[in-house]
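Asks: Quick one: sequence and predicted model below, then my questions.
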Amino acid sequence: MKPVNRNRERNILETQNTSCRFENNILFITGQLKVNDAGDLVKAVLKELRLLNLTEFTINLEGLDDIDSAGVTSLFYIKRKLSAKIPDISIEGGNEAVKKKIELFSSDTSIEDKADSDFEITEAVGRGTYTFFTSYLYGFLLLAADTLYWAVADLFRTKTTREGEFVNQSVNIGVNAALIIIVMSFAIGFVMAVQSAQYLREFGADIYIVDLIVIGIMSQMGPLIAGVLIAGRSGSSIAAEVATMRVTAELDALKTMGLNPVRYVVVPKLYASLFTIPLLIILSNVSGIAGGATAAYSSLNVTPEIFINRMESVMQNKDLLTAFVKSQVYAAIIVLTGSFYGFRVEKGAEGVGKVTTQAVVVSISLVILADSLMAVIFY
Amino acid sequence: MEKVIHVQGLSVTIDDTNILSDLSFSAFKGEVTVIIGGSGSGKTTLLRHLLGLNPIEQGYVYVLDRDISGLSEEEMQVMYHQMGVFYQDGALMTSMTVGENVAMPLIHQSNLPKALVNDVVMMKLGLVNLKDARDLYPSQLSGGMLKRVALARAIAMDPPLLFCDEPGAGLDPVSLKSLDHLILNLKDLLGISIVLITHEVSSIIRVADRIVFLDKGKVIFEGKLKEALSSEIQELRDFFSVLRSEHAK
């Protein structure tokens, strides 16, 4: 684009406090240049000089009565922005007060732009992978090993935790989650049966509703519903509790009192989870089957007697064993993930919310992945 | 001398208890006015009224020649552009970086473009010697650094009037001295008038031009620091002697 010659006298800014006139390569600023006008000045000057082809440019402050830090910064910002295009830029004039403030506020304020790198994406992928292995996976495995060690070592020692802690944690993780698990499992068992009933009736296979519900709930849905709900409920609670303890220096206090935070905070939660989650899964199974039986009775006239008789022949001991193994795996995943993210908290109040969200997302994902893996193994 | 704050007949009663009783004093341009008094003397209540955070039910409070008792919320917002506040614990937003904290008033109270805000932030952080801390979070800073960031945020808009609530609380003597010198430097360089609440006797002696002494919700002394130190008022003598002896220990 050909430069336009507009190098003539013109007012480029007129506000209540500031006037700005451009004449013969000189920008005359008069009045007061303060925070409320500094932004407008920058925009006006850069717009005015954008198309001019100047070799020198002067900012004249003879008529300037007062200036503040934002005003000074705006002058140096203009100078910096134009320096690539105009080799000779100077700021001159100004009364003593203005000169003093320019001197005070003229320290280098520029923020260095990060150099573009051809390898930015490769670097990011590399760094992300490295961080995942060194920070996340390694950290998680260390916590798991530490927790396992203390869980085994403290199995028959009660002095290492607060008295009644196992019961407290069992109530928090187990008893308080019972109602929601009963309601949700019942609803899902009911819906499964209602949706299957129509197709089974078409084939005259009404009685197989029992097989479908019992196998579906016992081997898959019951443990999964319980696992996901506990991961959401107790996983978030564990992460938030540990994170808050870290932010408020309670974990540091434990350390300085000679107590191992993993041993004192995490292990009781693991014990409680290992004990209560199998019970919750049993509750989930019973409730889901009850929901399915209710729907079977209302949709296909399969009476409770028939349902129970059929159920006895369908149920396998393997399902109970599978559910128990799953419960132990879920317990470990939920407690370790919640604690791991809790220990990683940074940045105060916001950090607690952030790690809690991360813990819930990762817990639920890991529970579902573990469930899928075990479904394949135990099939 | 030009008054930046003038309080006349301010009384505050909460649940039938007189917190402030017919309180009057002035703070002057270019000076550091230190409000002192024992616990429960009404300092915090007074500061909240000076800042317009509590409604003024009896008496007058003039800040920068404006009676703030009758100002609407919008008018008070405009007044806040001319007032910087340095809170006791910094009151920094923990979810924001140091740079974002200092940028807050600039973004919300001015129309500066983002690039210019960044430059002003760097300049303010430079004034408190914390340029390198721009991308850190408050949780990553020491107590002294937090105070300096809080000061940088308080002066972000070049306010003519700065309120400081116990700025030295929790600082070691060296950090406290350094913070006091920083406050004095900024006062001299920027021409800011400062109203400061503190218990630290060393700090009072270093920074104060004028003392306002509160006792049981009343001003029992108002005058220059020199006059305060030689005052015969028993409560004031007790205050300085107790603090001095604590410092001597």
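Replies: Alright, I've got the coordinates.

Asks: Report the secondary structure state of residue 13.
Replies: With no chain named, the answer covers chain A. Classification of A:Leu13 using DSSP: H, G, I helix; E, B strand; the rest coil returns strand.

Asks: should've been chain B
Replies: What three-state DSSP gives for B:Thr13 is strand.

Asks: who touches it in this structure?
Replies: For B:Thr13, the contact set (C-beta atoms under 8 Å, 6 or more residues apart in numbering or on different chains) comprises B:19, B:57. C-beta: built from backbone N, CA, C; applies to glycine.

Asks: which regions of chain B sit below the pLDDT cut-off?
Replies: Applying pLDDT under 70 to chain B picks out residues B:95, B:243-249.

Asks: how near is the spatially most central residue of it to chain A?
Replies: In chain B, the centroid-proximal residue (C-alpha atoms, centre = their mean) is B:Cys164; its distance is 1.7 Å. Distance, B:Cys164 to chain A, using C-beta to the nearest C-beta, to the nearest Å: 19 Å.

Asks: cool, and B:Val7?
Replies: B:Val7 is 27 Å from chain A, by C-beta to the nearest C-beta.

Asks: Tell me what that residue is bridged to.
Replies: B:Phe25, B:Val61 (DSSP bridges).

Asks: could you list every residue that touches it?
Replies: With the criterion set at C-beta under 8 Å, 6+ apart, B:Val7 makes contact with B:23-26, B:46, B:50, B:59-62.

Asks: hang on, the earlier thing: so which helix or strand takes in the residue nearest to the centre of chain B?
Replies: Per DSSP states H and E: B:Cys164 is located in strand B:161-165.

Asks: can you state the direction angle for the helix or strand following that strand and strand B:161-165?
Replies: Of the helices and strands lying after strand B:161-165 in sequence (DSSP H and E), the nearest is helix B:173-190. Inter-element angle recorded for helix B:173-190 and strand B:161-165: 170 degrees (by axes from the mean of the first three to the mean of the last three C-alpha atoms, to 10 degrees).

Asks: List of residues touching helix B:173-190?
Replies: A:69, A:104, B:30, B:32, B:127-128, B:143-144, B:147-148, B:151, B:155, B:158, B:162, B:164, B:167-168, B:171, B:192-194, B:196, B:200, B:202-203, B:206-207.

Asks: If we use 7 Å, what do you get?
Replies: A:104, B:32, B:127-128, B:144, B:147-148, B:151, B:155, B:158, B:164, B:167-168, B:171, B:192, B:194, B:200, B:203, B:206-207 (C-beta atoms under 7 Å, 6 or more residues apart in numbering or on different chains).

Asks: just checking, what's the longest helix in chain A?
Replies: Counting residues, the longest helix found in chain A (DSSP state H) is helix A:267-300.

Asks: coming back round to it: quick one, which of the contacts of B:Val7 are buried?
Replies: Among the contacts of B:Val7, those buried by neighbour count (16 or more other C-beta atoms under 10 Å in any protein chain shown) are B:23, B:25-26, B:46, B:50, B:59, B:61-62.

Asks: returning to that earlier point: okay, buried residues for the longest helix of chain A please.
Replies: Neighbour-count burial for helix A:267-300 flags A:267-278, A:280-297, A:299-300 (criterion: 16+ other C-beta under 10 Å).

Asks: Any regions of chain A where pLDDT drops low?
Replies: Looking at chain A by pLDDT under 70, you get A:1-8, A:107-119, A:158-163, A:256, A:347.

Asks: Chain A contacts on chain B?
Replies: Applying C-beta under 7 Å from any C-beta of the partner chain, we find that chain B lies next to chain A at B:94-95, B:110-113, B:115-116, B:118-120, B:122-123, B:126, B:137-139, B:157-158, B:189.

Asks: These in helices, which ones?
Replies: Short answer: these in helices (DSSP H) are B:115-116, B:118-120, B:122-123, B:126, B:189.

Asks: From the contacts of helix B:173-190, which land in helices?
Replies: Short answer: the contacts of helix B:173-190 in helices (DSSP H) are A:104, B:127, B:144, B:147-148, B:151, B:203, B:206-207.

Asks: Same list (those residues) but as TSV, adding distance to B:His181 and neighbour count.
Replies: Output for the ones in helices among the contacts of helix B:173-190, formatted as TSV (distance: C-beta to C-beta, whole Å; neighbours: other C-beta atoms under 10 Å in any protein chain shown):
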residue	distance to B:His181	neighbour count
A:Leu104	16	16
B:Leu127	12	22
B:Gly144	12	16
B:Lys147	13	30
B:Arg148	12	24
B:Leu151	12	25
B:Ser203	11	22
B:Arg206	8	18
B:Val207	9	23
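
Asks: Farthest-apart pair in those residues, please.
Replies: Pairwise distances across the ones in helices among the contacts of helix B:173-190 peak at 24.1 Å for A:Leu104 and B:Ser203 (criterion: C-beta to C-beta).

Asks: In the lengthiest strand in chain A, which residues are buried?
Replies: Using DSSP state E, we find that the single longest strand of chain A is strand A:26-33. For strand A:26-33, burial by neighbour count (16+ other C-beta under 10 Å) applies to A:27-33.

Asks: Can I have the buried ones of the ones in helices among the residues of chain B next to chain A as a ChimeraX selection?
Replies: Those of those that count as buried under 16+ other C-beta under 10 Å are selected in ChimeraX with:
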select /B:116,118,119,120,122,123
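
Asks: For B:Leu106, state which of the ones in helices among the residues of chain B next to chain A is nearest.
Replies: B:Val120 (5.8 Å).

Asks: Quick check: the closest one touching A:Asp68?
Replies: No: if you go by C-beta atoms under 7 Å, B:Val120 and A:Asp68 don't touch, sitting 9.6 Å apart.

Asks: Isn't A:Val266 up against A:Ser339?
Replies: Yes: at 4.6 Å, A:Val266 counts as touching A:Ser339 under the criterion of C-beta under 7 Å.

Asks: the more surrounded of those two?
Replies: Between A:Val266 and A:Ser339, A:Ser339 has the larger neighbour count (other C-beta atoms under 10 Å in any protein chain shown), namely 29 against 25.

Asks: residues contacting that one?
Replies: A:143, A:238, A:242, A:266.

Asks: What sits closest to the residue of chain B most remote from its centre if chain neighbours are left out?
Replies: Centroid-distance maximum for chain B: B:Ala115 at 29.5 Å, with C-alpha atoms, centre = their mean. Setting aside the residues directly before and after it, B:Ala115 is nearest to A:Tyr77 in space (C-beta to C-beta, 6 or more residues apart in numbering or on different chains), at 6.7 Å.
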